[in-house]
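J.: just to be clear, the model below is a prediction. Sequence and coordinates:
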There are 2 protein chains.
Amino acid sequence: MTDSAFPGPTVPGPAFLGESESAALVDDELALAAAREAFLATATGSVFPVVIGRSPVPGTRFTLKSGCADGLVGVKIGSFWPGNTGLPRHSSTIVLLDPATGRLSAVVEAATANAYRTAAADALAVDLLAREDSRTLTVIGTGHQALHEVRAVSRVRPIDRVLVVGRRAEAARAFAAEVTAVTGVTAHPADARTGIAAADVLVTATTAREPLFDASWVAPGTHISAMGADGPGKQELPVALYDRASLFCDLPDQSLAIGEFQHTTAATPVALGAVLAGEADGRTAREQITVFDSSGFALQDLTLAAALLRRRAAVPGEPR
Amino acid sequence: MTDSAFPGPTVPGPAFLGESESAALVDDELALAAAREAFLATATGSVFPVVIGRSPVPGTRFTLKSGCADGLVGVKIGSFWPGNTGLPRHSSTIVLLDPATGRLSAVVEAATANAYRTAAADALAVDLLAREDSRTLTVIGTGHQALHEVRAVSRVRPIDRVLVVGRRAEAARAFAAEVTAVTGVTAHPADARTGIAAADVLVTATTAREPLFDASWVAPGTHISAMGADGPGKQELPVALYDRASLFCDLPDQSLAIGEFQHTTAATPVALGAVLAGEADGRTAREQITVFDSSGFALQDLTLAAALLRRRAAVPGEPR
């Protein structure tokens, strides 16, 4: 795509990063740096209304998330085709426009990178809000995304035990074994009550539509990053928890509309970007319970795509 | 882009058509066929809410129009960067997803092709609604798009005279000369009242925000294709005209919300797709005034991109 004949001799053609190339370039460090950049940009950038579309095939869905920030304009097209067999069900394409001209500047396929991007936001929240000495990470969910979450969180806190809560015992056992194999950290299945009570950090990575646990199970001092709720009706956390927790999220308006906090009328969650910028308090006491809701926003995708393109440009010896 | 390393040996990489290539492939015939396909697809396809975004640079704007129809899913990103110098102010990128998998299947840059696509919709309306013996075409507007409109309409009716109405006499003279040079049809500047009264077919191609003429100037039997109104506050036609005209449009809901018919509460425009499919009447009398409002919809972009890709695939001797 870089050699395409874009009109005008001085205008370079758009860049293209295919799925396998972006998957080879992405890592947790890049994703975390891109997440920091995105959350800082929430103060001055903008996101535009989210579109949820579909194909004529029942059950398919695509989402358009667009936004702009200093030096970045574009849209992420996320698709979910539940009937895919032998292929991932989720795809992601990030389209960047040249902020100087409005023209297409890059297309980045980013299905794998998207999992890093989502985990990085939750890890950033852990880094900003969890107790420094957090050692036990409990994860609810045993899917593909859950592994990304465990790996990303383990980078920002001295996690030495992972407890896995899943609906199916066999899936939880298999996932715990995978966590140990991938991260080297001891991991065990746990029942929900035990896992939640023991957690320093709790990550929920499910597609639930009702609370996953009882609010009373959460111990003082716990941090929770909830990534599942990103649409009407989705819910992972019990509303009763909010009375004794400090609430944070990526974008307050969106979180209250389609995120975890759609289920409470009293919440006024603090933007994590404000904490990152030093403009709002994060955790102020050891016993405090902190909750971060991630509903996902375009600036995460734009900074991710830009970081992947920069990394490719920096790879020596590859003609571009 | 076609050689990108998309994962899975049996999955081809996405196709890419750059601006100069799509501009070389497009013509009025292709655009008209794609328009027919798009308008027929309005019966069974879907379009999703239009997003209007921007960059941090004041005055910039991009629009996301997405939709699906049988065998087509995708989004058009149209951008307008008014400060561009030495580059077009409008850009257009069409992104197609594979309807079978949801994955990126093609990216088509289509700024030039977009002008053909918009003119083709207006020409299709002329073909379906104007008197067969329409010979005088009046165009209001002297911009880039207006020339596309004249050329496209001249293909579907025996136009032998073009009258050009413009705010600036010099621009109207220059545009008339250009029309004659490009189409071979005699063209003259005209004042608005004379040009409108003489029109068999009237095309409005402006960015107006108030009516361009008095309803009483329109002669019985005239057909009007109005392409300018595609957002809140835009208007080219006088509401008083609607009492004695039959009203048509691309998408009734959208036309009433952000198209020409946003300015009337009584209009119930007929979808042009229904006329094309033989399910609704078009012109039923010689003296009837017919009005078509084009606000633009994603299926036009998706069928256009697919047609361009098919044409490229059919070009002999080019390795793909």
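T.: Arrived safely, thanks for sending.
J.: for the stretch 151-300 of chain A, which residues are neighbours of chain B?
T.: For the stretch 151-300 of chain A, no residue is in contact with chain B (Cβ under 8 Å from any Cβ of the partner chain). Bear in mind the C-beta positions are built from the backbone N, C-alpha and C, glycine included.
J.: how about the strands of the stretch 151-300 of chain A, start to end?
T.: Taking DSSP state E, counting those that start in this stretch, the strands of the stretch 151-300 of chain A run over residues A:161-165, A:187-189, A:201-204, A:223-226, A:245-249, A:270-271, A:289-293.
J.: assign the closest residue to chain B within the stretch 101-250 of chain A to helix, strand or coil.
T.: Closest to chain B within the stretch 101-250 of chain A is A:Gly102: 3.5 Å, counting by Cβ to the nearest Cβ. Following DSSP: H, G, I helix; E, B strand; the rest coil, A:Gly102 is assigned to coil.
J.: who's in contact with it?
T.: By Cβ atoms under 8 Å, 6 or more residues apart in numbering or on different chains, the contact list for A:Gly102 reads A:73, B:55, B:60, B:62, B:79-81, B:84, B:89, B:91.
J.: go again with 6 Å.
T.: B:79, B:81, B:91 (Cβ atoms under 6 Å, 6 or more residues apart in numbering or on different chains).
J.: ok, which of the strands of the stretch 151-300 of chain A comes nearest A:Phe175?
T.: strand A:161-165 (5.2 Å; Cβ to Cβ).
J.: and the gap between A:Val164 and A:Ala125?
T.: To A:Ala125, A:Val164 is 20 Å away according to Cβ to Cβ, to the nearest Å.
J.: same check on A:Leu17?
T.: From A:Leu17 across to A:Ala125, the span is 27 Å (Cβ to Cβ).
J.: pick out whichever of the two has more residues nearby.
T.: A:Ala125 (33 against 24; other Cβ atoms under 10 Å in any protein chain shown).
J.: list the contacts of the more buried one.
T.: A:225, A:272, A:292.
J.: the stretch 1-150 of chain A against chain B: which residues are in contact?
T.: Proximity of the stretch 1-150 of chain A to chain B (Cβ under 6 Å from any Cβ of the partner chain) is limited to residues A:1, A:4-7, A:16, A:18-20, A:48-49, A:51, A:53, A:55-56, A:64, A:66, A:68, A:73, A:79, A:81, A:84, A:87, A:91, A:93, A:97, A:99, A:101-104, A:107, A:109.
J.: and these, which are buried?
T.: Among these, the ones that count as buried by 16 or more other Cβ atoms under 10 Å in any protein chain shown are A:1, A:4, A:6-7, A:16, A:18-20, A:48, A:51, A:53, A:55, A:64, A:66, A:68, A:73, A:79, A:81, A:84, A:87, A:91, A:93, A:97, A:99, A:101-104, A:107, A:109.
J.: so what's the closest residue in space to A:Ala199 that isn't next to it in sequence bridging to?
T.: In this structure, A:Ala199 finds its nearest non-sequential neighbour in A:Thr138, 3.7 Å apart by Cβ to Cβ, 6 or more residues apart in numbering or on different chains. On the basis of DSSP bridges, A:Thr138 is bridged to A:Leu163, A:Leu202.
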